[in-house]
Every structure is written in C-alpha cells, then in structure tokens.
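Asks: Sharing a model prediction with you, sequence too.
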Amino acid sequence: MDIIELFIDEEDEVSGIEAVSIVESPAIESDFIALKNQEFKFAEVNKEKRILMGAALIPNKPIYRKNEENEYYIYFSKSTVRKASELFFIRGNQNNSTLEHQMPLTGLTAVESWIVEDEKDKTRFYDLDVPIGTWMLSMKVQNDDVWNDYVKSGKVKGFSIEGYFADKLERPNEPVKQSAELEAEQLLSKLKDLFKDE
C-alpha cells in the first residue's frame, strides 16, 4: 500500500488550507483534501464565550484513504503543518468555515492558532493529548444556530481542514502482488522510519 506525503507547493497560489470545517466524520473529494482528526475532539474552552479548541492538523499521522482505484495512506510532515498554519492566516482565511465540508458558514472565526512545541503546552490543561508539532486552533462561534444545533447537541466533534496539496509518493506499488502479511510488515517498517527522525 502506498504512503503519500502531502505538502504545500509554494509556487502554486491555491496550495494550502482554504477553510476549516466543523464535522462529525472525515471526508475526501477527489484531489480536494478534507481531513478530520479522528482521535481528538473539541475542548469547550468557555461555554459563555463560545470558544472551541481542537487539533486542525497532526504531523506524521498516517491517514487511511480509499478511492475507486486504490487504498493508501497520506501524512503531513511537521514543516508542512507549520507552513499550512501560517499560510492560512497570511492569506486571510481565518473566517472561512463550513459544515461537513458542504455548507459555508458565517459567524465562525479562528481567534487563536499555535503549534504545540513541548509537553507543557496548554493543550494538556484541556486534556488534549496531542503530539508535538500539532497545529491547534481556537474558534469563536458567533452563529447561534451553529452553536445550538451543532456544537451543543454534539453533532460536530472536531475540526477538519479543506485545502489543496501537492503529493510525493513514498513507496510506489510493486509490479508483483505481495501477500497481505508482507505488505503489512513493509508498511509498519515505513511508518517507523517516518517517525524516527521526528
């Protein structure tokens, strides 16, 4: 199974993250990437202030994907996560949000953004055990319908990014079909190699 690194092509003006979606489950549409962190959920920072905190992008996390032709994993390096977080604000996208990657929303604004640098990060205060290098977001929800119908009801559980990325294949398909056991061993070895340098 292929492992594909997604990265930002700095010469491509549309490469990067255009919006943050509030979602219940992950989605993907052709080359348009829509990812949700499946393990980490929102932390309600302050109900009165209507601020949500969550992981927007996690480095080196293998994310399983399947299209009509192939099954594969994608991941983002720490440097790509940082670059994506910076470009999101440089390009003025902090007010761009959607519901389930379909319906554009108003009244949601990214009000805080940071990269987790060490184990003493404030995410620990909110019981969010995210890896070093994770891009964290806090969003202010000023839309009453979104807050009452989706956030308070628990219909949405996390952030998901929407954007365009270039890709680099880490291991091309072998011409000879391998046994599932051998393929699993090779995938595990490759994933270990990815994480040892970080």
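Replies: Thanks, I have it.

Asks: Is Glu5 in contact with Tyr75, as I believe?
Replies: Yes - Glu5 lies in contact with Tyr75 (CB atoms under 8 Å); the separation is 6.0 Å. C-betas here are computed from N, CA, C, even on glycine.

Asks: Please report the distance of the closest residue to Asn70 other than its chain neighbours from Tyr75.
Replies: Using CB to CB, 6 or more residues apart in numbering and skipping residues adjacent in sequence, the residue nearest Asn70 is Asp2, 7.0 Å away. Asp2 sits 11 Å away from Tyr75, going by CB to CB, to the nearest Å.

Asks: same thing with Glu69?
Replies: From Glu69 over to Tyr75 the distance is 20 Å, taken as CB to CB.

Asks: the more surrounded of the two?
Replies: Between Glu69 and Tyr75, counted using other CB atoms under 10 Å, the more crowded position is Tyr75 (19 against 6).

Asks: need the contact list for that one.
Replies: Ile3, Ile4, Glu5, Leu6, Pro59, Asn60, Lys61, Pro62, Ile63, Leu194 (CB atoms under 8 Å, 6 or more residues apart in numbering).

Asks: tell me what the helix or strand encompassing the second one is packed against?
Replies: I take that to be Ile4. If you go by DSSP states H and E, Ile4 is part of strand 2-7. For strand 2-7, the packing partners by 3 or more CB pairs under 8 Å, 6 or more residues apart in numbering; DSSP states H and E come out as strand 71-76, helix 78-90, strand 166-169, helix 180-196.

Asks: Out of those, which gets the lowest mean score?
Replies: Note on these: helix 180-196 shows the lowest mean pLDDT, a mean of 59.

Asks: ok so, going back, what about the residue nearest to Asn70, how many residues nearby?
Replies: 17.

Asks: Could you report the distance from it to Lys152?
Replies: 41 Å.

Asks: And Gly133, by the same measure?
Replies: Counting by CB to CB - Gly133 and Lys152 are separated by 31 Å.

Asks: the more surrounded of those two?
Replies: Set Gly133 next to Lys152 and count neighbours by other CB under 10 Å: Gly133 wins out with 19 against 13.

Asks: Verify the contact between that one and Thr80 for me.
Replies: No - look at Gly133 against Thr80 with CB under 8 Å: they stay out of range, at 10.0 Å.

Asks: Just give me the neighbour total for the nearest residue to Phe89 once chain neighbours are set aside.
Replies: In this structure, Phe89 finds its nearest non-sequential neighbour in Ser113, 6.6 Å apart by CB to CB, 6+ apart. Per other CB under 10 Å, the neighbour tally for Ser113 reads 16.
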